[in-house]
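>>> my questions concern the predicted model and sequence given below.
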Amino acid sequence: MNARHAQAWLLALALAALGLVALGVSVGSTGWEGWIGPLFDPGADEAAAALARQIVFDIRLPRTVGAWTAGALLGLAGAVAQGLFRNPLADPFLLGSAAGASLGVALALAGWGGAAGMVGAGASGAAISVWSGSVWVRLGLTGAAFVGAVLAVGLTLALARGVQHTLRLLLAGVVVGVVLGAVTQLVLLFSPESLQAMQAFLLGSTGFVGWAAVALMAAVWGLCVLAAGALARGLDGLSLGEATARSLGLPLGALRVGLVAVLALATGTAVAQTGLIAFVGLAAPHLVRALVRTTHGWLMALASAMGGVLLLAADILARGLIAPQELPVGVLTAVLGGGYLLWLMHRRSRQEGVR
């Protein structure tokens with residue numbers, strides 16, 4: 001029964017994603033009327049039709065698909081983190097990947113003098129960050145963010161002396177996150193010209209995701225889904241406790257290495273392309289557990305689909321709430337995700353009070 005319910009919810013989330021993609025293509029400063037006529041009217045001006053095609057296929061569609069893909073990576077990483085640490089409040093950023101990515105971007109900006117991409121006015125009226133600059137600048141910052149995330153996870157593993165002890169790994173990740181966050185603030189303090197450019201990364205944005213970023217995130221997502229599926233049964237055993245999992249003959253060391261690799265790769269890739277987007281990886285598995293009780297295999301698949309839907313819906317809201325300006329999607333997910341968790345805590349406290 002649970003498998004049938006999981007399949008039904010996965011289909012529902014896929015249909016919701018398709019509907020949101022269609023909606024996302026229409027949301028922007030011009031809306032439907034700004035492109036649907038020139039795009040489909042045979043008698044439309046060729047320049048207007050070319051502009052409409054650029055708006056749809058080069059800006060809105062990759063941004064929309066990229067938002068779903070980044071959310072799917074974060075949702076999958078959240079489910080893996082919560083299963084690995086056996087903690088429903090575990091976050092994809094627990095191993096220090098977010099702090100490492102932030103430090104990598106801050107160092108790159110400081111090296112470039114913080115002005116490489118300050119080239120215009122963005123949708124919000126503020127100066128566009130380096131994320132909208134040249135392709136090489138964009139690739140450099142993306143690479144710096146990913147390398148920073150991977151090195152931070154490596155430092156966490158070194159401090160924890162491997163993956164044998166989950167609690168030690170968790171504490172090491174917290175320490176690495178705090179220390180690297182402090183170093184990032186020091187870098188920005190000595191490079192104040194980087195502050196405005198750094199803001200887009202810290203607030204999170206899908207506004208500058210192109211087809212190359214979509215292809216990269218989709219490839220990594222497919223790889224992580226396959227790896228997570230292969231590790232799902234081991235994660236089911238680990239959820240029963242380390243002693244029980246060991247008695248079942250599970251190779252706990254190899255299992256943790258695989259889970260940490262999936263967590264780091266999925267989180268690092270998403271953060272490198274969209275910046276810091278909070279609460280998607282934390283809320284997606286919670287919502288799935290509220291809908292269906294199932295094994296970790298289905299849970300990770302559903303959490304990935306849920307994460308994609310959540311971030312895509314948040315991105316559409318960020319674009320449409322105060323159009324033609326837009327809100328940073330990371331701020332919106334933090335507000336909505338934080339509100340959801342507060343409501344969840346309040347509901348549980350009331351249920352415990354009734355008991």
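Looks like it came in fine. Residues are numbered from 1 along each chain as shown.

>>> ok, how many other residues are close to the residue nearest to residue 321 when sequence neighbours are not counted?
Closest residue to residue 321 apart from its sequence neighbours, by CB to CB, 6 or more residues apart in numbering: residue 327 at 6.1 Å. Every C-beta, even on glycine, is put in place using the N, C-alpha and C of the backbone. Counted with other CB atoms under 10 Å, residues neighbouring residue 327 total 20.

>>> residue 327 touches residue 318, doesn't it?
Yes: applying CB atoms under 8 Å, one finds residue 327 in contact with residue 318, separated by 4.4 Å.

>>> tally of neighbours for residue 65?
24.

>>> and it, what element?
Using DSSP states H and E, residue 65 sits within helix 61-85.

>>> and the angle for the helix or strand that that helix is followed by with helix 61-85?
The helix or strand immediately downstream of helix 61-85 is helix 97-111, counting by DSSP H and E. Per axes from the mean of the first three to the mean of the last three CA atoms, to 10 degrees, the angle that helix 97-111 makes with helix 61-85 is 130 degrees.

>>> next one: stretch 7-22 to chain centre, how far?
Here stretch 7-22 is found 18 Å from its chain centre; the criterion is CA atoms, centre = their mean, to the nearest Å.

>>> which parts of it are buried?
Neighbour-count burial for stretch 7-22 flags 9-10, 13, 16-17, 20-21 (criterion: 16 or more other CB atoms under 10 Å).

>>> dump the residues you listed into TSV; add pLDDT, distance to residue 338 and secondary structure as well.
Shown next, in TSV, are the buried residues of stretch 7-22 (pLDDT from 0 to 100; distance: CB to CB, whole Å; DSSP: H, G, I helix; E, B strand; the rest coil):
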residue	pLDDT	distance to residue 338	secondary structure
9	92	24	helix
10	92	27	helix
13	95	23	helix
16	95	23	helix
17	95	24	helix
20	94	22	helix
21	92	26	helix
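
>>> hang on, the earlier thing: for the record, mean pLDDT for the helix holding residue 65?
Averaging pLDDT along helix 61-85 yields 93.

>>> how about the spatially most central residue of the chain, nearest residue that isn't a chain neighbour?
Taking CA atoms, centre = their mean, the centroid of the chain lies closest to residue 74, which sits 4.0 Å from it. Leaving out its chain neighbours, the residue that sits closest to residue 74 by CB to CB, 6+ apart is residue 281, at 4.0 Å.

>>> now do the buried residues in the one helix or strand the one you found maps to.
Here residue 281, judged by DSSP H and E, is contained in helix 280-291. Residues of helix 280-291 classed as buried by neighbour count (16+ other CB under 10 Å): 280-289, 291.

>>> where does this structure have low pLDDT?
Applying pLDDT under 70 to the chain flags residues 1, 28-49, 113-139, 162-164, 351-355.

>>> okay, the angle between the longest helix anywhere in it and helix 61-85?
Longest helix in the chain, counting residues (DSSP state H): helix 211-238. Following the same axes, to 10 degrees, one obtains 20 degrees for the angle between helix 211-238 and helix 61-85.

>>> helix 211-238 packs against which elements?
helix 61-85, helix 242-247, helix 252-274, helix 296-320 (3 or more CB pairs under 8 Å, 6 or more residues apart in numbering; DSSP states H and E).

>>> coming back round to it: does the residue nearest to residue 321 belong to a helix, a strand or coil?
coil (DSSP: H, G, I helix; E, B strand; the rest coil).

>>> buried residues in the helix or strand hosting residue 344?
Element membership for residue 344, per DSSP H and E: helix 329-354. Within helix 329-354, the residues that count as buried by 16+ other CB under 10 Å are 329-334, 336-337, 340.

>>> what packs against that helix?
When contacts are defined as 3+ CB pairs under 8 Å, 6+ apart, helix 329-354 packs onto helix 195-203, helix 280-291, helix 296-320.

>>> what angle sits between that helix and helix 296-320?
Angle between the axes of helix 329-354 and helix 296-320 is 120 degrees (criterion: the same axes, to 10 degrees).

>>> report the distance from helix 329-354 to the chain centre.
Offset of helix 329-354 from its chain centre (CA atoms, centre = their mean): 20 Å.

>>> gap between the closest residue to residue 271 other than its chain neighbours and residue 332?
Among residues not flanking residue 271 along the chain, residue 101 sits closest, at 4.5 Å (CB to CB, 6+ apart). Note on residue 101: its distance to residue 332, by CB to CB, to the nearest Å, is 20 Å.

>>> now residue 296. Nearest residue, chain neighbours left out?
Once flanking residues are discounted, residue 296 sits nearest to residue 235: 4.2 Å by CB to CB, 6+ apart.

>>> what about that neighbour, how many residues nearby?
Residues lying near residue 235 (other CB under 10 Å) number 25.

>>> cool, and residue 258?
20.

>>> how about the nearest residue to it, chain neighbours excluded?
With CB to CB, 6+ apart as the measure, residue 231 is the residue that lies nearest to residue 258, at 5.0 Å, once sequence neighbours are left out.

>>> again with residue 25
residue 60 (4.9 Å).

>>> my guess is that neighbour contacts residue 24. True?
Yes: using CB under 8 Å, residue 60 makes contact with residue 24 at a distance of 6.6 Å.
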